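Colleague: This is a predicted model, with the sequence first.
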Amino acid sequence: MKDWKAIAQGAGLEATGAELDRIVQALSGLEETLRPLLRELSPELEPDTVFHAGENGA
Amino acid sequence: MTIREAGQSLRKKRLSAVELATAAISRIDRTNSTLQAFITVTAGYALDRARVADAELATGRDRGPLHGIPMAVKDLFATRGVRTTGGSKIFENLVPDYNSTTVERLEKAGAVLLGKLNMHELAYGITSANPHYGAVRNPWDADRSPGGSSGGSGAAVAANIVYAALGTDTGGSIRIPASFCGTVGLKPTYGRVSRHGVLPLAYTLDHVGPLTRSVHDAALVLNAIAGHDPLDESSSRHPTIDYTPDEGAEIRGLRIGFPQSFFFERLDADVESSVRGACARAESMGAIVKPIAMPDMAGINAMGRMILLAEASANMAPYLDERHRFGGDVLALLDQGRLVSAMDYINAQRLRRRARREFDKLWREVDCLLTPTTPNTAPRMGAQTVRLGGVEEDVRLATTRLVRCVNVLGLPALSLPCGLSHDGLPIGLQIIGPAFQEGLILRVGAALEAGGVGIPPCQGALG
C-alpha cells in the first residue's frame, strides 16, 4: 500500500492532522478496492481517456 | 401541471406565457428565502421572453412543446450577460459573453428561462448545502437535503416553480436530487447532450440532462437539447430520434434485469419495498423481469471516484492555492485529487474500458435494468452518516453508491418517483439502459408512470 500520509506531506498539503487522516483513509480505501483489479489488467488494454460511450467500448 | 398540460393551455389561450412566467416569479419570491433554489433570478428577461413567446404564438409561430414554458438552469451553464458562479466563490464574478449550447437550444425551442439555480459548490458533492450562496432545502421537508449537486434544480421543479430544469450529473448529480425531491431526472448517454459552455467538474464523467415533473416532459426537453455539437469534442454523431414515448407505451415482452447483487444491498426498508413494488408492476404489465448477475459494481464505483478525484483537481489546479475560497468538503476532495498519480488515473481509465466491455455482454441478456436510485431517502440537513442495513455509512458514499457506476459506464439512466417512505419522503426508481437507448428507458418510465408508479405532487411545508 502507498504511504498516503508521506505523499501528502511531500506534496506540501496544508491540511490539519484530522483532515490528513480523512484523506489517507479515503485514498487507502480506494487503493484497496482497485489493487486486486489492476493485477488482472492485460498490457494491451489501453485507457479510456478518449471516451465515446457505446462507440469504442467493445 | 406538466409541460404538456401547460402547452395545451397556452395554445387554447387559457393561459399566456406571461401569466406562466409571472406565476413562476411570484413563487420564487414566496419560497426562495427558505428554499434557496435560485442564485440569480432573471425576472425581467423572462418576462420579455414570455411576451415574445405570446406574440409569436399569436402570429402562428409555434416553436414546439417548450414554447413559452418557464424553465431554469443550474448555475454552471454559461448564460450570456448573466453571472455563472458554478456555486463557487472562485467564479462569483464570472459573466460569460456566450450561451452554453444547451441554453442556446432551449431558447431556440422557446423556453422562458427564469434564472440560475443553486447547487453544490462546483457540483462536487451531494448536499447542495452551499457555503457561499445558501443551503438549498427540500420542498417536501425543509429540514431535509434536496440532494445534489443539482439541488436547486430538483427543488425548483418539485416546488412547482419551473416546469423543468437543467442539471449536470458527474456521479449522480441529476438522479440524486430527482430521487430526494420526487421529480423525474434523466442522465443521457455520455456525448448525447453537449457539454459546451458547462463549467466542467470531470471531463470524462460529466453529463447534462433535465429534471422534470413527468417522464414525458423529460423526453420533450431531451428532444430540444440532444444532438451533435461541433463545439464539444466528446459530442456524439449517433443519430437522435423523437424521444417522446407513445401514448399507452407498452413494455410487454421487454426483458428487465433485476440485479442479483449490489443494487439491493443495504437499502432503507421503504426504498426496497417501493422499488420491488415497481418491478412487480412491470411484471404485471407483461415485462419479463429476469434476475441478472452483475459485474463488480463496487470496483466500477472505485474507478469512478479515482477518475473524478484526478480530473476535478486537474481542472481546478489554477485555484488550489486559494484554499480559503473553497468550502471544507470540496477542499478535502480537491486535496485527495492532488495526491492521485498519473499511474492511478491511467489505470482507472484502463479498468473503465474493461468494465464497459463486461457491461456490453450484459445487454445481450436484458434490455434494461431496474434498481433503486438511492439506497436512502433525503437525509436531514447536515447529516454526515446514514444507517443502512445495520451499517453506518458516510452519507456521500451511500447516496452515490447506486448511481456513480452509471457515469463510469456512460450509460443513460432515468430516475422517477416510485413511492413515499413512512415519513412522507420520495423514493426514486432508476432505469438503466444500453448506450443511446434513451428512447427505451423513457418508454419504460412512461409505461410505469401510466401504470400507477409514482407519487402525488409535492404539498410540502412551503405551500
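Modeller: Nice, thanks for sending it over.

Colleague: you'd agree A:Leu13 is up against B:Gln336?
Modeller: No - look at A:Leu13 against B:Gln336 with C-beta atoms under 8 Å: they stay out of range, at 9.7 Å. Bear in mind the C-beta positions are built from the backbone N, C-alpha and C, glycine included.

Colleague: Residues in contact with both of the two, list them for me.
Modeller: Listed as contacting both A:Leu13 and B:Gln336 by C-beta atoms under 8 Å, 6 or more residues apart in numbering or on different chains are A:Ile23.

Colleague: who's more crowded, these two?
Modeller: B:Gln336 (25 against 18; other C-beta atoms under 10 Å in any protein chain shown).

Colleague: tell me what the longest helix seen in chain A is packed against?
Modeller: The longest helix of chain A (DSSP state H) is helix A:17-38. Applying 3 or more C-beta pairs under 8 Å, 6 or more residues apart in numbering or on different chains; DSSP states H and E, we find helix A:17-38 packed against helix A:4-10, helix B:297-315, helix B:328-339, helix B:342-362.

Colleague: Need the phi and psi values for B:Gly445.
Modeller: Main-chain torsions, B:Gly445, degrees, to the nearest 10: phi -60, psi -40.

Colleague: Ok, B:Lys74 next?
Modeller: Per degrees, to the nearest 10, the backbone of B:Lys74 is at phi -60, psi 150.

Colleague: give me every residue that touches it.
Modeller: Neighbour list for B:Lys74: B:Lys116, B:Leu117, B:Met119, B:Ala123, B:Ser149, B:Ser150, B:Gly152, B:Ser153, B:Ala165, B:Leu166, B:Gly167, B:Thr168 [criterion: C-beta under 8 Å, 6+ apart].

Colleague: Report the separation between the fourth one and B:Cys405.
Modeller: So the one you mean is B:Ala123. Counting by C-beta to C-beta, to the nearest Å, the gap from B:Ala123 to B:Cys405 is 18 Å.

Colleague: Please apply the same query to B:Val221.
Modeller: 24 Å.

Colleague: give me every residue that touches B:Asn118.
Modeller: B:36-39, B:75, B:87, B:128, B:130, B:133-134, B:136, B:151-152, B:155.

Colleague: Helix, strand or coil: sort out the closest residue to it other than its chain neighbours for me.
Modeller: Spatially, and ignoring its direct neighbours in sequence, B:Asn118 is nearest to B:Gly152 (3.6 Å; C-beta to C-beta, 6 or more residues apart in numbering or on different chains). Three-state assignment for B:Gly152 (DSSP: H, G, I helix; E, B strand; the rest coil): helix.

Colleague: ok, B:Gly152 - contacts?
Modeller: B:Gly152 touches B:36-39, B:72, B:74-75, B:117-119, B:128, B:136, B:146, B:165, counting by C-beta under 8 Å, 6+ apart.

Colleague: Could I get those residues in JSON lines, plus columns for pLDDT and secondary structure?
Modeller: Compiled in JSON lines, those are given as follows (pLDDT from 0 to 100; DSSP: H, G, I helix; E, B strand; the rest coil):
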{"residue": "B:Gln36", "pLDDT": "98", "secondary structure": "coil"}
{"residue": "B:Ala37", "pLDDT": "98", "secondary structure": "coil"}
{"residue": "B:Phe38", "pLDDT": "98", "secondary structure": "strand"}
{"residue": "B:Ile39", "pLDDT": "98", "secondary structure": "strand"}
{"residue": "B:Ala72", "pLDDT": "98", "secondary structure": "strand"}
{"residue": "B:Lys74", "pLDDT": "98", "secondary structure": "strand"}
{"residue": "B:Asp75", "pLDDT": "98", "secondary structure": "coil"}
{"residue": "B:Leu117", "pLDDT": "98", "secondary structure": "strand"}
{"residue": "B:Asn118", "pLDDT": "98", "secondary structure": "coil"}
{"residue": "B:Met119", "pLDDT": "98", "secondary structure": "coil"}
{"residue": "B:Ser128", "pLDDT": "98", "secondary structure": "coil"}
{"residue": "B:Val136", "pLDDT": "98", "secondary structure": "coil"}
{"residue": "B:Pro146", "pLDDT": "98", "secondary structure": "coil"}
{"residue": "B:Ala165", "pLDDT": "98", "secondary structure": "strand"}
